[in-house]
Structures are given as C-alpha cells and as structure tokens.
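Engineer: What follows is a predicted structure for the sequence shown.
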Amino acid sequence: MKSRRFSRVSKLVGILCWVWAAAGPVWAQDPFRSGANARPIKPEVASAFEEFFCAGRYTQSREKLEKARQASPKEPMVYALLAALAYQEGDLDAFAQLATQTRQVAAELKKTDPLRGNLYEGVGYGLEAANMVVREGVVLGLPKALPTLNQLFASIRAAQAVDSSDPELNLLNGYIDLLLTFREKALNQFRLAAPEYLSYRGQALAYRDMQRHDEALAAVERAIAVSCNNPELYYLKAQILVAKGQDREAVPLFDQALQASSQLPKALVEQIQMERDRAAQRSGLTVQLPTPTPSP
C-alpha cells in the first residue's frame with residue numbers, strides 16, 4: 001500500500017515540475033518553449049530538476065534543491081520538488097508545508113506569468129489534496145480533498161485559457177488524464193508535450209495501459225535514448241516486456257534499475273524487486289543477472 005501511495009503522489013508531483021539543464025552562465029534553456037515564448041530559468045533550478053527527474057537521483061538531490069530555492073525563491077517548481085522529496089522521506093509535516101508554499105508562490109507568479117502561475121497553483125492544490133488523503137486515508141481524506149481537487153482543475157482551466165497548446169501544460173494534462181484512465185486523450189496530449197524524454201515516457205505509459213505493447217516498447221526506447229540514464233525507464237521497459245510475456249528478457253532490465261537502488265526511494269526499490277522476483281520465478285531464473293550496458 002505504501003508503494004502505491006508513493007507512486008500516485010510522486011507521479012502527480014513529478015509531472016508538474018520540468019526543467020532541462022543548459023550551459024548559460026545566468027539562465028538555463030526552457031525545455032518546452034523557444035523564441036518569445038521561452039521562460040528564463042536559473043541554472044541552479046535546471047540542475048536540481050535534472051538530478052531529480054532526468055537522472056532519477058532522488059536521494060542525492062536535496063543539496064541542489066536547496067541551492068535552487070536560494071537562487072529562485074519565487075519559482076514554484078522548486079517547492080513542488082522539495083515537497084516530493086519530503087514525501088519520499090516520510091516527512092509529512094514538511095510535505096504539507098511545502099505543498100502550501102507551492103500554491104502560494106504560484107499565486108504570486110500569476111501576476112507576471114498567468115500560464116505557469118495557474119499551472120503550479122494547480123500543482124499546489126493537488127499536493128494539498130494528496131496530503132489529506134495520505135494522512136487520513138481514502139475513506140476519510142478523499143471527501144475532504146474534493147473541494148481542493150476542484151480548485152486544482154479550476155487552476156488548470158485558467159492555464160488552458162491562456163494557451164491550451166503549451167507543451168508544459170499538455171504534459172501535465174496528459175499525466176492527469178492517464179491517472180483518470182482517459183488514455184487516448186492522454187496519449188494525444190503527450191504527443192504535444194515536451195521535453196522529449198517525459199513526452200515519450202508518458203506515451204509509453206499510455207500505450208502500456210492500453211495494452212498496445214509494441215508501441216509502448218518503441219516509446220520507452222525513445223525515452224531511454226534521450227534521457228539521462230534514468231533507472232525508472234529501465235523499470236518501465238521491463239514492465240512492458242512482462243506484459244508481452246517476455247519475462248526472461250525483462251529480468252536484466254529490472255536488475256539494471258535495481259543497480260541504481262541507492263538513488264531511488266525505498267518503496268520504489270521494494271516494488272521493482274518484487275516485480276523482478278516474480279518475473280524471474282516465472283521464467284525459471286533464480287540468480288541476479290549481470291546488469292546490461294546502459295543505452296547511450
């Protein structure tokens with residue numbers, strides 16, 4: 001149950017916070033937009049995000065996140081990432097505080113950037129709703145969280161009114177629709193999203209849930225090719241191979257994800273290990289296989 005709660009909350013957090021590292025001395029490159037639509041992003045924020053989501057080095061990301069908060073105290077994605085880290089560490093008090101800070105900082109951002117301000121205000125509402133459910137359980141927490149979830153969707157609609165074609169917004173909506181099982185709709189939004197590795201990962205998840213396994217496999221391989229060697233992508237590829245009935249081929253990929261267990265949350269490592277052991281048992285494998293050479 002704990003690993004399932006982690007998965008739901010971390011997905012909600014992860015899909016809402018995006019930056020790609022770049023080499024500029026003052027600003028990093030907007031991963032979603034170019035030209036006049038690009039937003040300036042501090043390198044410290046870009047570096048923290050790359051550590052957290054591109055590379056999946058969750059447990060090592062705190063130092064970079066704190067530097068990002070100092071460099072960009074008015075950037076709501078930093079607070080959302082810190083909230084994700086607090087949740088992973090089991091610090092629910094910090095999680096609740098950072099969820100509210102995400103919403104409050106985003107509300108200020110609406111004055112200068114209505115699209116991203118509304119977007120991350122929705123993130124904040126979503127995190128606050130998740131906090132209610134995590135603390136009180138689904139039976140008691142969900143009814144209390146429903147008004148906050150309605151505010152989440154209101155904020156998202158406000159962002160859509162600014163620019164419904166925005167790649168960052170489409171990425172967020174794709175993951176929300178995926179969680180709500182609107183898979184075809186999610187797939188279409190992922191195709192309009194950026195950056196590529198999150199777009200392809202989302203497409204792979206949608207295809208997987210639609211049981212379109214060959215297309216899911218092609219999408220996750222594209223995500224691996226453009227990512228920062230994120231172990232969760234090898235885990236996803238292993239899951240797709242299991243769904244295709246290829247347990248023996250999946251086991252080395254589970255092992256490759258587990259090779260990076262020190263950088264992943266404990267609950268996620270336990271989930272990967274459980275799925276790996278089941279695949280190994282079905283395929284007759286009893287020993288840990290050598291880790292394959294990572295894709296470039």
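Structural biologist: Structure received. Numbers count the residues shown, from 1 in each chain.

Engineer: Residue ranges in the stretch 151-296 of the chain under the pLDDT threshold?
Structural biologist: For the stretch 151-296 of the chain, applying pLDDT under 70 flags the ranges 286-296.

Engineer: mind listing the helices for it?
Structural biologist: For the stretch 151-296 of the chain, the helices defined by DSSP state H, counting those that start in this stretch cover 167-179, 183-190, 196-209, 213-226, 231-243, 247-258, 266-283.

Engineer: mind checking which of those is nearest Leu92?
Structural biologist: Leu92 lies closest to helix 266-283 among those, at 14.2 Å (Cβ to Cβ). In short, each C-beta sits where N, CA and C put it, glycine included.

Engineer: Which strands or helices does that closest one pack on?
Structural biologist: Contacts defined by 3 or more Cβ pairs under 8 Å, 6 or more residues apart in numbering; DSSP states H and E place helix 266-283 against helix 2-14, helix 231-243, helix 247-258.

Engineer: got the angle for it vs helix 231-243?
Structural biologist: Using axes from the mean of the first three to the mean of the last three Cα atoms, to 10 degrees, the inter-axis angle of helix 266-283 relative to helix 231-243 is 30 degrees.

Engineer: Just checking the distance from helix 266-283 to the centre of its chain.
Structural biologist: In this view, helix 266-283 has its centroid 21 Å away from the chain centroid, taken as Cα atoms, centre = their mean, to the nearest Å.

Engineer: Phe95 - nearest residue in space that isn't next to it in sequence?
Structural biologist: Ala86 (4.2 Å; Cβ to Cβ, 6 or more residues apart in numbering).

Engineer: nope, Ile156 is what I was after
Structural biologist: Nearest non-adjacent residue to Ile156 (Cβ to Cβ, 6+ apart): Gly122, at 4.7 Å.

Engineer: For the one you found, grab phi and psi.
Structural biologist: The phi and psi torsions at Gly122 (degrees, to the nearest 10) take the values phi -60, psi -40.

Engineer: Is it in contact with Asn150, as I believe?
Structural biologist: No: Gly122 lies out of contact with Asn150 (Cβ atoms under 8 Å); the separation is 10.9 Å.

Engineer: Compare the two (neighbour count), which wins?
Structural biologist: Per other Cβ atoms under 10 Å, whichever of Gly122 and Asn150 has more neighbours is Gly122, with 27 against 12.

Engineer: I'd like to know how far Leu179 sits from Gly117.
Structural biologist: Applying Cβ to Cβ, to the nearest Å, the value for Leu179 to Gly117 is 23 Å.

Engineer: Between the two, which is the more surrounded one?
Structural biologist: Between Leu179 and Gly117, Gly117 has the larger neighbour count (other Cβ under 10 Å), namely 22 against 14.

Engineer: That one contacts Ala107, correct?
Structural biologist: Yes: if you go by Cβ under 8 Å, Gly117 and Ala107 touch, sitting 6.9 Å apart.

Engineer: got the buried residues for stretch 176-196?
Structural biologist: 176-178, 182-183, 185-190, 192-195 (16 or more other Cβ atoms under 10 Å).

Engineer: Quick one: end-to-end length of it, please.
Structural biologist: Stretch 176-196 has its terminal residues 18 Å apart, counting by Cα to Cα, to the nearest Å.

Engineer: starting at the chain centroid, how far to that stretch?
Structural biologist: Using Cα atoms, centre = their mean, the offset of stretch 176-196 from its chain centre is 13 Å.

Engineer: what's the answer for stretch 113-133, then?
Structural biologist: The answer for stretch 113-133 is 14 Å, by Cα atoms, centre = their mean.

Engineer: Tell me the buried residues in that stretch?
Structural biologist: 115-133.

Engineer: gap between the residue lying closest to Ser199 once chain neighbours are set aside and Ala94?
Structural biologist: Spatial nearest neighbour of Ser199, chain neighbours left out: Ala193 (4.4 Å); criterion: Cβ to Cβ, 6+ apart. Separation of Ala193 from Ala94 (Cβ to Cβ): 30 Å.

Engineer: One more: Leu264?
Structural biologist: Distance, Leu264 to Ala94, using Cβ to Cβ: 20 Å.

Engineer: Tell me which of those two has more neighbours.
Structural biologist: Leu264 (22 against 15).

Engineer: rewinding a little: isn't the residue nearest to Ser199 right next to Asn170, touching?
Structural biologist: Yes: taking Cβ under 8 Å as the definition, Ala193 is a contact partner of Asn170 at 4.5 Å.

Engineer: which secondary structure elements does the one helix or strand Gly137 maps to contact?
Structural biologist: Assessed by DSSP states H and E, Gly137 sits inside helix 114-162. Packing contacts for helix 114-162, counted by 3+ Cβ pairs under 8 Å, 6+ apart, involve helix 2-14, helix 76-88, helix 92-109, helix 167-179.
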